[in-house]
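Visitor: sequence isn't available, so here's the structure alone:
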């Protein structure tokens, strides 16, 4: 299935020679996006604090350091970012705190990153004008789904602090687009996986820690096991972001992204076992995790597909094999 946009050509081809800013660019999705853009011939700048217990990792941009303008610091700091925001044709705003459990333990820290820094950043963008902004939101803002597959019109009732703050960050982008004319697109991501994701712990995705433990020969835990999920391979997400950046039809829009097929967590564990031989145990949910679990979730992303022509190319089985192969060679860089 093709990932090219309705306007034709490979995703991102129109950004050759253009200035692009990526917040959170040392992170999982941001680094994959940065590498793709550099290879396409874009002029790429990255802002990332490389903070402990967040997603940034210097290994993610290994080999590309001399081809990217790297700024280590806060995306909300005008001295760090305002010149880049003013120069950029496109801004991919991917910075944020992702740990649901950490957000419950330290909600003010989560608020600083997912609300305060976002608002300061948008104030800079409002003053410097011009750029198209693609913002990475999350399916977590829906809370426990009342409808499956879940459409964009579903009520927004997040079940944890991280979801509340991510909803606020998304709302800031939508409001600034309406009030100040910023060209902003919101993509609500589902369980994104692939090379360069955090595998050190479960702060970014449960699949990351499963892969680490399987490759280290340690059994991993599956909590519950019956929950249904959809998964997006990172290359497909990068395609969607590039298409969004190039498309006027996505301006002001909010879109789900999904992947294929829908799987139970137990089925995911079985596939990981087939690829790695890693053993696992199905256990009841720990109490603090159960309180913020959303149950089943898989997205209705027909709106984004109809507007852009995007389709995911990488099925889960293939994506899992690629991801495991990456970490077989580079696990030491991520743990």
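Guide: Received the coordinates, thanks. Given the structure is predicted, the values throughout are model-derived calculations rather than measurements.

Visitor: distance-wise, check the nearest residue to residue 241 once chain neighbours are set aside relative to residue 186.
Guide: Excluding the flanking residues, the one nearest residue 241 by C-beta to C-beta, 6 or more residues apart in numbering is residue 134, at 5.3 Å. Using the backbone N, CA and C atoms, a C-beta is placed for each residue, glycine as well. Per C-beta to C-beta, to the nearest Å, residue 134 is found 8 Å from residue 186.

Visitor: give me the secondary structure label for residue 282.
Guide: strand (DSSP: H, G, I helix; E, B strand; the rest coil).

Visitor: what is the helix or strand harbouring residue 210 packed up against?
Guide: In the assignment (DSSP states H and E), residue 210 maps to helix 206-215. On a contact count with 3 or more C-beta pairs under 8 Å, 6 or more residues apart in numbering; DSSP states H and E, helix 206-215 meets strand 191-193, strand 220-223, helix 265-276, helix 316-330.

Visitor: so what touches that helix?
Guide: Helix 206-215 has contacts (C-beta atoms under 8 Å, 6 or more residues apart in numbering) with 191, 193, 197-202, 219-220, 231, 265, 268-269, 272-273, 276-280, 323-324, 327-328, 331, 334-335.

Visitor: same thing with stretch 157-167?
Guide: Under the contact criterion C-beta under 8 Å, 6+ apart, stretch 157-167 has outside partners 96-100, 102-104, 107, 110-111, 113-115, 137-138, 140-144, 156, 291-294.

Visitor: return a PyMOL selection command for the buried portion of the contacts of helix 206-215.
Guide: The following PyMOL line selects those of the contacts of helix 206-215 that are buried, judged by 16 or more other C-beta atoms under 10 Å:
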select buried, resi 191+193+197+198+199+202+220+231+265+268+269+272+276+278+280+323+324+327+334
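
Visitor: would you say residue 69 is within a strand?
Guide: Yes: under three-state DSSP, residue 69 falls within a strand.

Visitor: for it, what are its contacts?
Guide: If a contact means C-beta under 8 Å, 6+ apart, then residue 69 has 43, 44, 45, 46, 84 as its contacts.

Visitor: so what's the third one bridging to?
Guide: Translated: residue 45. With DSSP bridges as the criterion, residue 45 is bridged to residue 21, residue 69.

Visitor: neighbours around it, how many?
Guide: By other C-beta atoms under 10 Å, 23 other residues sit near residue 45.

Visitor: could you list the low-pLDDT ranges of the stretch 101-250 of the chain?
Guide: Residue ranges of the stretch 101-250 of the chain with pLDDT under 70: 129.

Visitor: please enumerate the helices of the chain.
Guide: If DSSP state H is used as the criterion, the helices of the chain fall at 28-40, 78-87, 100-105, 107-111, 117-128, 161-180, 206-215, 234-246, 265-276, 287-290, 302-308, 316-330.

Visitor: mind giving me the packing neighbours of the fourth one?
Guide: When contacts are defined as 3+ C-beta pairs under 8 Å, 6+ apart, helix 107-111 sits against helix 100-105, helix 161-180.

Visitor: any idea of the angle the helix holding residue 210 forms with helix 265-276?
Guide: Per axes from the mean of the first three to the mean of the last three C-alpha atoms, to 10 degrees, the angle that helix 206-215 makes with helix 265-276 is 40 degrees.

Visitor: give me the phi and psi for residue 312.
Guide: Per-residue torsions, residue 312: phi -70, psi 140 (degrees, to the nearest 10).

Visitor: what's the closest non-adjacent residue to it?
Guide: residue 236 (4.3 Å).

Visitor: do residue 192 as well
Guide: Spatial nearest neighbour of residue 192, excluding adjacent residues (C-beta to C-beta, 6+ apart): residue 232 at 4.8 Å.

Visitor: which residues does residue 131 contact?
Guide: Contacts of residue 131 by C-beta under 8 Å, 6+ apart are 21, 85, 88, 89, 90, 91, 125, 183.

Visitor: one more pass at 7 Å, please.
Guide: 85, 88, 89, 90, 91, 125 (C-beta atoms under 7 Å, 6 or more residues apart in numbering).

Visitor: among those, which pair sits farthest apart?
Guide: Spatial extent of these (C-beta to C-beta) is set by the pair 89 and 125 at 12.6 Å.

Visitor: quick one, which of those two is more surrounded?
Guide: Counting neighbours by other C-beta under 10 Å for residue 89 and for residue 125 shows that residue 125 has the greater number, 24 against 17.
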